[in-house]
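Okay, sequence plus prediction incoming.
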Amino acid sequence: MMSPQAPGPDSTNPWTDILSRIDEGILLLDADGIIRFANDTGLRLLDLPFDIVGQPFSSVLAEPELKTLIGAAFNDEELSPRDLKLSRSGQTRLLSVRASRLDGASGTSPGLSLVFSDVTTQRTLEEIGSHFVANVSHELRTPVSILAGYIENLADFPKMPRPEQTEIVGIMQEHATRLTALLDDLLTLACFDSHSDVLNYTELDLREFFARLTKDWHRALASKDMEVALEIANDARFLKVDRFRFEQVMHNLFDNAFKYPPIEGQIRVRSSLADVGLEITVEDNGSGIPEEDLPHIFERFYRVDKGRSRKYG
């Protein structure tokens, strides 16, 4: 298959309209590094003005990595796509860049094509997935190691006194429950990703629900001398939800509200009518979330302080 000819000063070649419609960013350079073509996607991704055609590439984009890539491509080296971090107008993008030398027409020098793809979201998800696998591996390894140790202990000392056996079995049950909870979380994520989860809506009395939820958390709250204040409005007391999923959400919010406040903290739960339905607020008196991290609160596995992963799980 023949390569397209290197672009010249005339941008009315037949392939120009095709390249303009491609979703990836494309820049074409001649042998002297002069930009001969740039499609709209390329201009947008690189945050470049529309009058760059005819200008030297080095004066438009001065990134050292790009200069190295262009030099290698002109030398006809085999190149794989490279990631380039580009900061423009206060925004940082991660672009995958592919550079290929284009065969010139008879008697002309070869040109170069640069193809840019925005992989910011893809790389972010890959990083999140990597951190998640590492965290889950750590969380699973701890109870498994503890269970293995106690099983080995019971096997080595079959005549262990009954009280010691009872204590060990109790600890093993605790860590088996922890493992089950972790696996349930993974299965829940799998259901959400596959969109196979069916919601079962029933009417819920919020006063009764939160009273029972507070009772479930009584022992944990007492350990930090924390209290729960319920403010359930009469006109915002009943709603239709999937009770199981709603309970999961509320337990997660209670868990966060319990972890971070100081001793003698407070969790305040309120319900009120909103424009589009019913609003439920779970508020604590902890340090809160920094303003710069608020846009990330619905990102999966995002943590404000990465160093707290080991402490809080």
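Happy to help now that I have it.

biggest helix in this protein, by residue count?
Scanning the chain for the helix with the most residues, using DSSP state H, yields helix 120-156.

quick one: buried residues of that one?
Judged by neighbour count using 16 or more other CB atoms under 10 Å, the buried positions of helix 120-156 are 120, 139, 143, 147, 150. For every residue, glycine as well, the C-beta is placed using N, CA and C.

okay, who's weakest in the residues you listed by pLDDT?
Sorting the buried residues of helix 120-156 by pLDDT puts E139 at the bottom of the list (75).

How much space separates it from F132?
Counting by CB to CB, to the nearest Å, the gap from E139 to F132 is 10 Å.

residues near R101, how many?
Counted with other CB atoms under 10 Å, the neighbours of R101 add up to 20.

can you give me the helices for the stretch 1-150 of the chain?
15-20, 40-46, 57-60, 64-74, 120-156 (DSSP state H, counting those that start in this stretch).

per-residue confidence averaged over stretch 159-174?
For stretch 159-174, the per-residue pLDDT values average out at 88.

Same check on stretch 259-271?
87.

In this protein, where is pLDDT below threshold?
When residues are selected by pLDDT under 70, those of the chain lie in 1-16, 77-78, 89, 104-109, 192-197, 300-301, 305-313.

re the thing from before, got TSV for the helices of the stretch 1-150 of the chain, with distance to R162 too?
Rendered in TSV, the data for the helices of the stretch 1-150 of the chain read as follows (distance: least, CB to CB, whole Å):
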stretch	distance to R162
helix 15-20	80
helix 40-46	70
helix 57-60	80
helix 64-74	68
helix 120-156	12
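
With L221 as the reference, name the closest of these.
Shortest separation from L221 across those is recorded for helix 120-156, at 23.6 Å, computed as CB to CB.

name the helices or strands packed onto that closest one?
Contact here means 3 or more CB pairs under 8 Å, 6 or more residues apart in numbering; DSSP states H and E; on that basis helix 120-156 packs against strand 91-102, helix 162-194.

same thing but at 10 Å, please
When contacts are defined as 3 or more CB pairs under 10 Å, 6 or more residues apart in numbering; DSSP states H and E, helix 120-156 sits against strand 82-88, strand 91-102, helix 162-194, helix 309-312.

packing partners for the longest one?
The reference is to helix 162-194. Helix 162-194 is packed against helix 120-156, helix 243-259, with contacts defined by 3+ CB pairs under 10 Å, 6+ apart.

Columns distance to D185 on top of the ones you listed, output as CSV?
Supplementary listing: the helices and strands packed on helix 162-194 in CSV, determined by distance: least, CB to CB, whole Å:
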stretch, distance to D185
helix 120-156, 9
helix 243-259, 9
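
so which of those helices gets nearest R93?
Distances from R93 to each of the helices and strands packed on helix 162-194 were compared using CB to CB; the shortest belongs to helix 120-156, at 5.2 Å.

and the closest one with helix 162-194, angle?
Taking axes from the mean of the first three to the mean of the last three CA atoms, to 10 degrees, one finds that helix 120-156 is oriented at 160 degrees with respect to helix 162-194.

For the remainder of this discussion, apply numbering that starts at 5.
All set: I'll call the first residue 5, so the last point we hit is now helix 124-160.
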